[in-house]
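Colleague: model the following, please.
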Amino acid sequence: MHHSSPYAAVEASYRWIDYRLAYAQVLERHGDPPACLLELFVFRVWLAQFALLRVLDGAPPARQATPRPPWWLLSKQAEATGVTRDAAHAGLAALLEQRFGQYDAAARAGTPDDPLGLEAAAAALAGRLFGQPDPSVVDALARRARGQYAGIAQAYDAERPDAR
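Modeller: This next block holds a predicted model:
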């Protein structure tokens, strides 16, 4: 794990959480919890990278894709939580590539009420999981997304030289 706070916060925001506990409300409504866990994991990986890009560099150009993290940052969590049971590295990498594009597109569609596009990205995740999701599920996913983003931004702010 990186030792500086922003990077540690990024890694912790998807690697070291208990998905079954954090997303119990979503998982109990889903017919295939392992598939749901995988989607939640991929979304949180995307959001971690998305947040890091924004807090370090500001809003990137509209066409810039959110980069995937190095594979080693994914494998321990993916294996430990069982979200990728026997998925080959290439399979998860392909899934990340596809979903990152989808979530980037959703986030770019942000509104003045959702300038970062976090609610739009959470709605895209909810749609992927449930087709026509219950508004409470969308709200729960959006709250988690805002919390994850805020944690990364807070860690970055704490490390800025002018913040001390």
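Colleague: which residues does W46 contact?
Modeller: Contact analysis of W46 by CB atoms under 8 Å, 6 or more residues apart in numbering lists T66, L96, R99, F100, Y103, D104, A121. Placement of C-beta: from N, CA and C, glycine included.
Colleague: which two from those residues end up farthest apart in space?
Modeller: Pairwise distances across the contacts of W46 (CB to CB) peak at 14.5 Å, for the pair L96 and A121.
Colleague: sorry, back to before: can you redo the contacts of W46 as a markdown table with secondary structure, pLDDT and distance to E28?
Modeller: Output for the contacts of W46, formatted as a markdown table (DSSP: H, G, I helix; E, B strand; the rest coil; pLDDT from 0 to 100; distance: CB to CB, whole Å):
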| residue | secondary structure | pLDDT | distance to E28 |
| --- | --- | --- | --- |
| T66 | coil | 76 | 29 |
| L96 | helix | 82 | 26 |
| R99 | helix | 92 | 23 |
| F100 | helix | 90 | 27 |
| Y103 | helix | 95 | 24 |
| D104 | helix | 92 | 29 |
| A121 | helix | 97 | 22 |
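Colleague: make a markdown table out of those and add neighbour count and distance to Q49.
Modeller: As requested, the contacts of W46 are exported to a markdown table (neighbours: other CB atoms under 10 Å; distance: CB to CB, whole Å):
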| residue | neighbour count | distance to Q49 |
| --- | --- | --- |
| T66 | 22 | 5 |
| L96 | 20 | 10 |
| R99 | 20 | 11 |
| F100 | 20 | 8 |
| Y103 | 27 | 10 |
| D104 | 21 | 10 |
| A121 | 28 | 12 |
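Colleague: residues in contact with D32?
Modeller: Applying CB under 8 Å, 6+ apart, no residues contact D32.
Colleague: I should have written R99 there, sorry.
Modeller: R99 makes contact with E39, V42, F43, W46 under the criterion CB under 8 Å, 6+ apart.
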